[in-house]
Every structure is written in C-alpha cells, then in structure tokens.
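> 3D model of this:
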Amino acid sequence: MPSRWRGGLAAAAVTLVACALVILDLADARLRRWWDAHALATDMAAGLLVMLITLLVVDQVVRLRQVNDRARTVAVQAAIMMTQANRASRAASQALAGSGDREVADDELRTYTMMLLAVAPLLIDDKRSRNFLDQAQRLAGELALALSGRAKAPGQERVPATQLDEATRGLTSASVPLLQHLSPEIQAAIRGDDPP
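From the prediction side, this is the model:
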C-alpha cells in the first residue's frame with residue numbers, strides 16, 4: 001500500500017474511533033457516568049484524539065502539497081527534456097539526410113545526453129516519470145547509434161530514420177502524463193504548435 005494512503009487511513013481510523021466514542025457517550029449512560037467520574041482520563045483521551053486527528057490531517061495536506069510540487073517540478077524537467085530531444089532529433093535527421101551539419105547534431109546529442117544525466121535522479125522514483133526516463137534513454141541510444149560510424153555495418157544500410165522517429169514518438173507519448181501539470185500554452189509550445 002502506498003505511504004500516501006497510510007496517513008489517510010490512519011486519520012480516518014482515528015476519526016472513526018472518536019465518532020464511536022461520541023456515539024457511545026450519547027447512547028450508554030454507564031459509559032457517560034464513567035467518563036464523568038474520571039475527568040482526567042476523559043480530558044487526556046479527548047486531547048489525544050484531537051491531537052492525532054489534527055496531526056494526521058496536517059500530514060496529509062503537507063504530503064499532498066509535496067506531491068503536487070514534485071509533479072510540477074517533474075513536468076518542467078520533462079518539458080525541458082522534450083524541447084532538447086526535439087532539437088537533437090531534428091538536427092540528427094537533417095545531418096543523416098545530408099541537409100544538416102553533423103557537428104551541430106553531435107552537439108545537440110551531447111547537450112541532450114548531459115541533460116538526461118542531470119535529470120535522471122528526479123525521474124527515477126515514480127512509475128510514469130521512470131517510463132519517461134526509459135524512453136528518453138532509448139532516444140539517446142538511437143541518436144547516438146544513428147550519428148555514429150557504427151550505424152552502418154557491412155552489407156547493411158544506416159539505421160533507418162523510422163527507428164529515430166519511433167523513439168521520438170515513444171518519448172512524446174511518455175511525456176503526456178507528466179506534462180499535464182503545465183499550462184496548455186506551455187504544452188503547445190513544447191509540441192511546437194503555432195500560437196492561436
């Protein structure tokens with residue numbers, strides 16, 4: 001069970017215990033007399049229950065804020081990675097087609113790889129961001145293979161551009177759940193859509 005649910009379940013359990021005690025106090029005269037006769041125990045139990053409920057609710061609110069802040073941070077990093085991935089893919093495709101500069105493509109790949117190494121620790125924790133990281137690494141490998149001299153083996157053609165396109169599409173697809181935390185304008189800019 002994820003840790004974020006444990007705190008919520010604990011808060012619900014403590015709240016249910018408090019509600020059960022209130023119902024018993026209203027319904028059972030013997031229990032009510034016991035509570036009246038033991039004022040210190042009553043005050044301590046009530047104080048502890050209120051403190052537990054407060055702490056658990058505050059913990060959940062803080063945890064939710066942290067999750068949302070982390071999601072925004074991951075979304076921004078994914079957006080930056082997507083922008084550089086598109087630049088590197090475009091430069092590599094142009095270099096492979098003969099209409100682009102090979103050094104520019106190598107520089108774009110190097111920049112993309114450095115960014116990937118820098119952002120990897122942030123992306124490794126969550127399943128969706130880890131999928132994005134896997135796709136980003138796959139694209140880096142396809143770019144490196146396409147731009148290397150080893151991409152052309154004897155008797156074989158150079159790595160087809162379709163593999164590069166497929167890796168780019170895979171990264172774009174993996175970025176969708178991460179980028180949903182950004183504004184539609186930023187998402188459009190990352191996709192390269194024309195402004196309205």
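> now the helix or strand of the chain with the lowest mean pLDDT: buried residues?
Lowest mean confidence among the helices and strands of the chain (mean pLDDT, DSSP states H and E): helix 184-191, at a mean of 76. Residues of helix 184-191 classed as buried: 187, 190 (neighbour count, 16 or more other CB atoms under 10 Å). For glycine as for every other residue, the C-beta is placed from the backbone atoms N, C-alpha and C.
> which elements pack onto it?
Helices and strands touching helix 184-191, as assessed by 3 or more CB pairs under 8 Å, 6 or more residues apart in numbering; DSSP states H and E, comprise helix 39-97, helix 161-179.
> of these, which is nearest residue 128?
Nearest to residue 128 among these is helix 161-179; the distance by CB to CB comes to 4.8 Å.
> let me see the mean pLDDT of that closest one.
Averaged over helix 161-179, pLDDT sits at 88.
> got the angle for that helix vs helix 184-191?
Relative orientation of helix 161-179 and helix 184-191, computed by axes from the mean of the first three to the mean of the last three CA atoms, to 10 degrees: 160 degrees.
> for stretch 31-44, measure first residue to last.
In stretch 31-44, first residue to last residue: 16 Å (CA to CA, to the nearest Å).
> domain ranges for the protein, per the record?
3-63, 69-191 (automatic domain parsing).
> so, low pLDDT: which residues of this protein?
Along the chain, segments meeting pLDDT under 70 span 1-5, 149-161, 191-196.
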